[in-house]
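**Q** Structure of the sequence below:
(chains A, B and C)
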Amino acid sequence: MVLAGVCTAAQGSTRSRESNGLPSFVSDIEDRAPGGSLTYAAEQEPTGFNGNTSTGATTAVKNVTENLFFYAMKARPDSGVDYVGLEREPKVISSQPQLIEWELRREAIWSDGTPVTVADVQHYFEQVMLKDPAQVSTENANGYVNDVASRVGYDQITKFTRVDDKTFRAEFGPAYGDYRSLWTDIPQARFMRAQRGGWDTGLDDTPGPSAGPYLFKEWNKGESLVLVRNDQWWGSPKPTLDSIVFRFLPDTASQVTALRNNEVDMIYPQPQVDLVQEIRSLPGIRHSIGFGPTFEHLTFNLKHELLSDRAVRQAIAWGVDRNEIVDRLLKPFSSRAVRVDNSVVLVGQAGYEAHGAEYHSADPARARAALDSSGYVRGVDGIYEKGGRRLSLRLATTADNQLRAQQAELMRNQLSRVGIEVRIETVSARLFFGERLPGGDFDIANFAWAGGPFPISAAKQVWQTGSDSNYGGYSSPAFDRAAAEGAVELDRTDQLVLANAMDRALWEDLAVLPLYQKPTLLAVRDRFVNVTDNPTNEGPFWRAQVWGLRKKTS
Amino acid sequence: MGSSVVARRFLRHRSGVLGVVALTGLFALATVAGRVTPAGHRRLTTDYSQAPSLRHPMGTDAIGHDLFLQVLHGAQKSLQVAVVVTVLATVTGTVLGAAAGYRGGWVDSVISRLTDLVLTVPVIVVLVVAAARLRQQRDSWLIIALMISVVAWPQIARVVRATVLSLRNRSFVTAAQGLGASSARIIFVDLLPNAVAAISVSATLTMATAVLLETALSFLGLGVSAPDPSLGRLVATGQGAARTRPWLFYFPGIVLVSICLCFAAIGEGLRSALGPDDDER
Amino acid sequence: MARFLIRRLAHSVPVVVVSSFLVFAMVAAAGDPLAELRSRPGVAPETIALRSEQLQLHKPVPERYLGWVARAARGDLGTSVTGEPVAPLILRHLGVTLRMVLLAVPLGVAGAVLIGVGSALRPRSVLDRAGTVLSMALVATPVFWLAGLLKEAGVRFNEAVGRTVVFTVGERSPGIEGSWLAMAVDRAGHLVLPTLTLALVAMAGWSRFQRAATIEVLHATYVESARARGLPERRVVGVHALRNALIPLTAVVATDFAAILGGAVLVEVVFAWRGMGRLLLDAVNGSDVHVATGWLVVTASVVIVLNLLADLVYAALDPRIRDA
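**A** A predicted model of the protein is given here:
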């Protein structure tokens, strides 16, 4: 039995919150029998519970705190947004200057009985932005004190005003278009203040009281972490599972055997043909394949002598047969796999437009024509050359990733047919992301970028002129203009228009070639119901409150 | 012992002979395949994930590689690594072990400490630590081979040292010393030929160990880099396919085990061919 | 004897020091522990600077190493990249590995003795040939492949029996409660496969050695003279030969400890035991200098102690080596 992983229903308005506060995404759940304990094979062990520190900003931590801390909003599987912790959507009081008002859910309380108030949010904000003039240095121009992974958005708040216990306003300067993404993963202020380690280490061993459907029970380091049902939870529907156990199993093959052997109930590995087939053959296991807003792509190093020539990039775009890659590597385990033609707004998201129409299919003839017109001549071995320089490029990708290794070989083959020689380099992830990319030491790089409900911020980070993550050295006035406008645009629909404008600039210059959206694989024992994946940042634990034992129909 | 005597004794040992024949055959097959279909192991056919058939005797993988050609090429690569390792380790180990055993004193002290240094640290540590950094260069197989040699020579050194030590006080050595022969001459002409048995056996063991170590590294993700798989890497990547596409799991594994068994058999053959007759202690 | 021990110990200290420096330098040079952090768009540069400062990444390696030595001399092995103190971390993981090794080694020895002595007593018999083939095949098989096969066998066994008797991951079932007996049974179920794998691998090499050693002893002059004196074969073997045949194996086992540890590393990865193997892999992949160096010092010390024991046995056997 295969469940669909992506809601194919309409986007936007029909999925907005109903007046009683229930996000409508929970309307498709099955009946549950009470009790039960679900064991999840976690690939990585968390290092603490504070998700906004440098060591805590990982999926390992996110999976655990997803159901513990306070969230003003959560992303839906279709990259829409649900304001699960608010009374309603954040209100725009004024746009010049940008002044937004948030109202927390009246019923929201912590598991120790105290209400979730503005004090919790304000403490979080103050800790993130805490400064000390004595700490100012060349790398730390603002004198920030705490180890914070991301201050994006918070660093644009100029004034934070408490209106009452549940309502607050924030003024932004300069304007921040993705304000809706703020105030997530927030622990209780009172608990944090009492912890000796403060922001940096205060949440290393225990998360404190919970505002989510589950409570932290215990953590056997190296072995397992246990959450139990939070009967104080104020949301709906109420959780029925007794507990969720995280077992730390880093090796994928072990995970599958453990699933087969009844040692775990749920796994979330990187999909691969053999893996999917093996899981399909297991009795009593359900699996679903989802396609999230993370996409594989090729980033070109625009400072490279050969790649700075647009004709060469065109030849690559016509030479790489993206359809063949999807057919060979992804179709075997999911017929829904598709090529993606937009690097900013992705397939399945509201506002998706396919761009780069001329490159939708591989066209070796046009590839060769482009090279010919740029002055390249075919050498004896079939590889083009110009001025004595062979068209030989390095394709770098991360090691230990079978899918990437296979697609690299496919691409090498495809490009050799149009006369471009490709040398494959597999680099360990640490070196790849830590040195090769930031250092510009690559020709063509193949890796993945994550999209999400806030595409403008994400894309701006990557391709804006001079941005840290702009590894290829891309610079386009058209892109920068659209990005700047989009960053201060408060209306969601207008944002999407600008997002697509950004992507058109990318296609015009062929700075990046998007390949396909990365699939996710979730396998769970059939005894449990309502366990579905959310391939956005939220992950498979996005609504653990609806999980439960299957009701036996007698 | 004359070489013809040795050869005859070796030929009597059936499994040793079988080992030599099998390995030579494998190497020859791989070389022929390399000439007939150059880069054939890299070629992507349109038959993907096919079970063994006439066209593809060992089946194909997900993107159309012919597994038979890949196994041949991979075996050649693994053997390449093994040969380099064995040569380097044997030469280094023999020279250092003999020097330590014969000279004694501070020479022995230093060399023994060096041996200890490498033997103390579990092989896997050195390899993991070094491999993590170095392996993404081209010709990574050479680098892997060099690294494995570094951890392989002490075993041979120990054996040689022990042999030399036990022979050092024999009458023929004292006689040579009395005649004024240099240490080097004594070591190479008089002592080492008697250690040949121990050295050859150790060498064949080293070959098998080198292949297995490279396989272990591949399993941990640190072996010879992806586009040009060694046999070890094929075994490692085939791990997950045991139930779904068993040919990807079993063929590389069986070939690998067979290669190591050949080495072991050759070692046994050498041991019985070169070893002392029972009355010579 | 005491002088011998002290001399050997004194020689071992520089070995540990040098190897600790090598590991420190290699891991420190191998990569950037903050690489993953840098790869995420939107991460504050101040944070990266702060962590870099904490980890002293800007200082040259020799300086960092000396700082580490100074602290280590006081017993402080530093903290990992994630801020966890290294010493308790290593001890915890060492305990896990030792639990597996301390069970696997006696099992391996028992198997090696049985097969080795049995083969030596009846050379070229069916037992001998079967034992030889089995040992050679085991020596030639990659550990993780063997582990994979055993896991497969374990799961099929469970399916045949109908309940999960043999486990494939971890040391125990999380959250298990109940009587002491129930917990012991659970642990045992988790121990079976990894211990068996490691024992089989160890046994393979040792049985070959034991066979050779036993044959040698059986032909030794003192055994021949016992036979010549007319003692029954059983007494010759059981009393005189066997005891002496077993001694060399003890020394080999001790010397092989480093290799056993290497095998345990791979077995741990396959069976997801959070032992020294996982710790090292994570430390190296994360360029975690303090954990890797601490790991080395602890392991090296254990191996050296065992090697010392082995040398004692060798020395007791052969005075020529002791005086060399």
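**Q** alpha carbons only for contacts and neighbour counts from here, please
**A** Fine.
**Q** how about the strands in the stretch 451-554 of chain A?
**A** A:512-525, A:528-529, A:548-550 (DSSP state E, counting those that start in this stretch).
**Q** Can the longest one be said to contact chain B?
**A** No: Strand A:512-525 is not in contact with chain B by Cα under 8 Å from any Cα of the partner chain; minimum separation 15.6 Å.
**Q** Any chance you could note which residues of the stretch 51-200 of chain C sit beside chain A?
**A** C:R51, C:T82, C:K151, C:V155, C:N158, C:T164, C:F167, C:T168, C:V169, C:G170, C:S173, C:P174.
**Q** Could you rerun that using 10 Å?
**A** C:51, C:81-84, C:89, C:92-93, C:148, C:151-152, C:154-156, C:158-159, C:163-175 (Cα under 10 Å from any Cα of the partner chain).
**Q** From these, list the ones also adjacent to chain B.
**A** Among those, chain B is touched by C:G148, C:E152 when using Cα under 10 Å from any Cα.
**Q** Just the buried subset of the residues of the stretch 51-200 of chain C next to chain A, please.
**A** C:51, C:81, C:89, C:92-93, C:148, C:151-152, C:154-155, C:158, C:164-174 (16 or more other Cα atoms under 10 Å in any protein chain shown).
**Q** Among those, name the ones in strands.
**A** Per DSSP state E, strands hold no members of these.
**Q** just for chain A, where's the confidence low?
**A** A:1-27, A:430, A:554 (pLDDT under 70).
**Q** CA atoms of the top strand by length along chain A as CSV?
**A** For chain A, the strand with the greatest residue count under DSSP E is strand A:285-300. Coordinates of each C-alpha in strand A:285-300 appear next as CSV, following Å, rounded to 0.1, in the frame of the first residue of the first chain:
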residue,chain,number,x,y,z
ILE,A,285,5.4,-2.0,6.2
ARG,A,286,3.9,1.0,4.5
HIS,A,287,6.1,3.5,2.6
SER,A,288,5.7,6.8,0.9
ILE,A,289,7.9,8.8,-1.4
GLY,A,290,7.7,12.5,-1.2
PHE,A,291,9.2,15.3,-3.2
GLY,A,292,10.2,18.3,-1.2
PRO,A,293,11.5,21.8,-2.0
THR,A,294,15.1,20.6,-1.9
PHE,A,295,16.5,20.2,-5.4
GLU,A,296,19.6,18.8,-7.1
HIS,A,297,21.4,21.2,-9.5
LEU,A,298,24.6,22.1,-11.2
THR,A,299,26.3,25.3,-10.1
PHE,A,300,28.8,26.8,-12.6
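**Q** Give me the distance from that strand to the chain's centre.
**A** With Cα atoms, centre = their mean, to the nearest Å as the basis, the distance from the averaged C-alpha position of strand A:285-300 to the chain average is 10 Å.
**Q** repeat for stretch C:143-162
**A** Worked out by Cα atoms, centre = their mean, stretch C:143-162 lies 23 Å from the chain centre.
**Q** cool, and stretch B:35-50?
**A** On Cα atoms, centre = their mean, the centre of stretch B:35-50 falls 28 Å from the chain's centre.
**Q** Does chain A have contacts with it?
**A** Yes: between stretch B:35-50 and chain A, judged by Cα under 10 Å from any Cα, the touching residues are B:R42, B:R43, B:L44, B:T46, B:Y48, B:S49.
**Q** Now name the helix or strand holding the residue lying closest to B:M207 once chain neighbours are set aside.
**A** Spatial nearest neighbour of B:M207, chain neighbours left out: B:A82 (5.0 Å); criterion: Cα to Cα, 6 or more residues apart in numbering or on different chains. Assigned by DSSP states H and E, B:A82 falls within helix B:67-103.
**Q** Poorly predicted segments of the stretch 101-250 of chain B, please.
**A** B:120-139, B:221-227, B:240-243.
**Q** can you pull out the helices in it?
**A** B:105-120, B:123-134, B:140-167, B:171-178, B:183-185, B:192-219, B:231-237, B:246-274 (DSSP state H, counting those that start in this stretch).
**Q** same check, this time on the stretch 51-200 of chain A
**A** Using DSSP H, counting those that start in this stretch, helices in the stretch 51-200 of chain A cover A:59-65, A:118-128, A:189-194, A:198-201.
**Q** quick one: which of those is nearest B:T24?
**A** Closest approach to B:T24 among those (Cα to Cα): helix A:59-65, 50.7 Å.
**Q** Off-centre distance for the closest one?
**A** Taking mean C-alpha positions (Cα atoms, centre = their mean), helix A:59-65 and its chain are 13 Å apart.
**Q** Would that helix count as contacting chain C?
**A** No: counting by Cα under 10 Å from any Cα, chain C is not contacted by helix A:59-65; separation bottoms out at 12.5 Å.
**Q** my guess is A:E218 meets A:S224, correct?
**A** Yes: the criterion here is Cα atoms under 10 Å, and A:E218 meets it with A:S224 at 8.4 Å.
**Q** In which helix or strand does A:L395 reside?
**A** Secondary structure from DSSP H and E places A:L395 in strand A:392-398.
**Q** in that strand, what's buried?
**A** Buried residues in strand A:392-398 (16+ other Cα under 10 Å): A:S392, A:L393, A:L395, A:A396, A:T397, A:T398.
**Q** Next: stretch A:213-232.
**A** For stretch A:213-232, the neighbour count (16+ other Cα under 10 Å) marks A:213-216, A:222-230, A:232 as buried.
**Q** before we move on, what about stretch C:207-214?
**A** C:S207, C:R208, C:F209, C:Q210, C:R211, C:A212, C:A213, C:T214.
**Q** Just want the residue of chain A that's nearest chain C.
**A** Proximity of chain A to chain C (Cα to the nearest Cα) peaks at A:G434, 3.7 Å away.
**Q** how near is that residue to C:A44?
**A** Going from A:G434 to C:A44 by Cα to Cα, to the nearest Å gives 15 Å.
**Q** same thing with C:L261?
**A** Counting by Cα to Cα - C:L261 and C:A44 are separated by 41 Å.
**Q** And for B:V151?
**A** 43 Å.
**Q** hey, which helix is longest across chain A?
**A** The longest helix of chain A (DSSP state H) is helix A:492-509.
**Q** by how many degrees do that one and strand A:512-525 diverge?
**A** With axes from the mean of the first three to the mean of the last three Cα atoms, to 10 degrees defining the directions, helix A:492-509 sits at 120 degrees from strand A:512-525.
**Q** Kindly calculate the angle that the longest strand of chain A makes with strand A:512-525.
**A** Going by the same axes, to 10 degrees, strand A:285-300 makes 160 degrees with strand A:512-525.
**Q** what do A:E218 and A:S224 both touch?
**A** A:V245, C:G175 (Cα atoms under 10 Å, 6 or more residues apart in numbering or on different chains).
**Q** which residues sit in contact with B:L69?
**A** Contacts of B:L69 by Cα under 10 Å, 6+ apart are B:30, B:33-34, B:37, B:39-43, B:56-58, B:60, B:75.
**Q** Around A:D120, how many other residues sit close by?
**A** Residues lying near A:D120 (other Cα atoms under 10 Å in any protein chain shown) number 18.
**Q** Report the separation between the residue lying closest to A:F172 once chain neighbours are set aside and B:Q239.
**A** Distances taken as Cα to Cα, 6+ apart put A:I157 closest to A:F172, at 4.4 Å, once the chain neighbours are dropped. For A:I157, the distance to B:Q239 (Cα to Cα) stands at 52 Å.
**Q** ok, and the nearest residue to C:I247 once chain neighbours are set aside, which helix or strand is that part of?
**A** Spatially, and ignoring its direct neighbours in sequence, C:I247 is nearest to C:V313 (7.9 Å; Cα to Cα, 6+ apart). Using DSSP H and E, C:V313 sits in helix C:289-317.
**Q** What of A:I424?
**A** strand A:421-427.
**Q** ok, C:V69 touching C:S20?
**A** Yes: contact criterion Cα under 10 Å: C:V69 and C:S20 qualify, at 9.4 Å.
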